[in-house]
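In: need a 3D model of the following:
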Amino acid sequence: MEDYPRTLADFETRFSKEEACVDYLFQLRFPDGYLCPRCGHTKGWRVRRSVIECASCSYQASMTAGTIFHRTRKPLTMWFRLIWWVTSLKTGASALGMQRVLGLGSYETAWTWLHKLRRAMVRPGRDLLSGRVEVDETYLGAAEEGLRGRKTEKKALVVIAAQEDGMGIGRIRMRRIQDASASSLEPFIEESIEPGSVVHTDGWDGYAGLKKKGYHHEITVLAHHDESALELLPRVHQVVGLLKSWLAGTLHGAVSHEHLDYYLDEYTFRFNRRTSISRGKLFYRLVQQAVQVDPVPYKEMVKHVREHRDGPPTYSGT
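Out: Model prediction:
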């Protein structure tokens, strides 16, 4: 049974103490009861507030080890407030906004925490898209002179899949890719869309092998129609427009290529749950996924980026 706070008042009452947050993590990590990570024994006892010792092999397991909270020096109550705040926002969160809300002294801490949460926004083993799915690519960044077609030197190329839901849009997937070749497009489709589904694309050669991959490939050659790409592939292009507006509005269009995938994950998380009427359930889902995601230290996050403030090198514009 899903257990989560229904209102802000409920949240504040329930998670005002560190002990309550630890108990909640235990409940999410061991939904069927304690199970020793080393020997599989089902009995243990708490030796410290967040540490359980196995009654059989004496292995001590921390409730935060192996999660995004691993080795945090801040209280879990603060982490929980952050997660509630992030999931309560209908648009998105910025590091500066989070720094102000939580009263953090360091922008670096706020930036790191948000990126840890973004890494938890992809549920391990999530269901693939199915049915009819539109797929296309888009560029993020300013126009580049002298380049045509699907070529780019500085812009980020993103492939997007949008599942049809009647006349509307169901779930989506998106990823930054190096180029628009079949070797980049096909792995994304295989990891995002159930085989046997109808995949609707334009006539680009990079999609030519989808039938051999087990998909029903529907092709619309844009040059053969009077309608625009927006009219012929409406769902995926609507998602593109919304994504660019979100990046420009929430993050002011400044996102490093190295970290772009994690912003795409956040947008996907929010979009796929846009009809949820319960903020508490979104909180529950994100904490649930946070205990399933391996920890990534700050140095690992920025090792390929010379600077970090939602960090250069960036793309700007729509």
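In: reduced to three states, what does the residue positioned nearest the centre of the chain come out as?
Out: Centroid-nearest residue in the chain, with C-alpha atoms, centre = their mean: Asp265, separated by 2.6 Å. Assigned by DSSP: H, G, I helix; E, B strand; the rest coil, the conformation of Asp265 is helix.
In: now do Val47
Out: Here Val47 is strand, with the state taken from three-state DSSP.
In: quick one: contacts for it?
Out: Applying C-beta atoms under 8 Å, 6 or more residues apart in numbering, one finds that Val47 lies in contact with 53, 60. The C-beta positions use only the backbone N, C-alpha and C, and glycine is treated the same way.
In: how close does it get to Ser58?
Out: Using C-beta to C-beta, to the nearest Å, one gets 10 Å for the distance from Val47 to Ser58.
In: which neighbours do the two share?
Out: With C-beta under 8 Å, 6+ apart, Val47 and Ser58 have no common neighbours.
In: do you know how far the nearest residue to the residue nearest to the centre of the chain once chain neighbours are set aside is from Arg273?
Out: Nearest residue to Asp265, sequence neighbours excluded (C-beta to C-beta, 6 or more residues apart in numbering): Met121, at 4.7 Å. Noted for Met121: a distance of 10 Å to Arg273, by C-beta to C-beta.
In: those two: who's more crowded?
Out: Met121 (24 against 16; other C-beta atoms under 10 Å).
In: what number of residues lie near the spatially closest residue to Ala223 that is not a sequence neighbour?
Out: Closest residue to Ala223 apart from its sequence neighbours, by C-beta to C-beta, 6+ apart: Gly203 at 7.6 Å. Counted with other C-beta under 10 Å, residues neighbouring Gly203 total 12.
In: how about Asp3?
Out: The burial count for Asp3: 11, using other C-beta under 10 Å.
In: ok, Gln27 next?
Out: By other C-beta under 10 Å, neighbour count at Gln27 equals 14.
In: same deal with the one 4 residues further on?
Out: With neighbours defined by other C-beta under 10 Å, the count for Pro31 comes to 10.
In: can you confirm it is in a strand?
Out: No - counting by three-state DSSP, one finds Pro31 to be coil, located in no strand.
In: pLDDT on stretch 265-283, on average?
Out: For stretch 265-283, the mean per-residue pLDDT is 92.
In: what's the offset of that stretch from the middle of its chain?
Out: 11 Å (C-alpha atoms, centre = their mean, to the nearest Å).
In: so where is this structure shaky, pLDDT-wise?
Out: Residue ranges of the chain with pLDDT under 70: 142-153, 251-254, 303-318.
In: can you pull the buried residues of the lengthiest helix in it?
Out: The longest helix of the chain (DSSP state H) is helix 234-250. Neighbour-count burial for helix 234-250 flags 234-237, 239-240, 243-244, 246-247, 250 (criterion: 16 or more other C-beta atoms under 10 Å).
In: again, but for stretch 118-125
Out: In stretch 118-125, counting by 16+ other C-beta under 10 Å, buried: 118-122.
In: just the helices from this structure, written as ranges.
Out: 8-14, 18-29, 76-88, 95-102, 107-119, 182-192, 229-232, 234-250, 260-272, 279-290, 298-302.
In: now these in CSV, with distance to Ala223?
Out: CSV is the format used below for the helices of the chain (distance: least, C-beta to C-beta, whole Å):
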stretch, distance to Ala223
helix 8-14, 53
helix 18-29, 52
helix 76-88, 43
helix 95-102, 43
helix 107-119, 38
helix 182-192, 20
helix 229-232, 11
helix 234-250, 17
helix 260-272, 29
helix 279-290, 42
helix 298-302, 43
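In: I'd like the distance between the residue of the chain most remote from its centre and Arg176.
Out: Residue farthest from the centre of the chain, counting by C-alpha atoms, centre = their mean, is Ser56 at 38.0 Å. Distance, Ser56 to Arg176, by C-beta to C-beta: 46 Å.
In: what does Arg48 give?
Out: Counting by C-beta to C-beta - Arg48 and Arg176 are separated by 42 Å.
In: and His224, by the same measure?
Out: For His224, the distance to Arg176 - C-beta to C-beta - is 30 Å.
In: same check, this time on Leu242
Out: 17 Å.
In: ditto for Tyr298
Out: From Tyr298 to Arg176 the distance is 21 Å (C-beta to C-beta).
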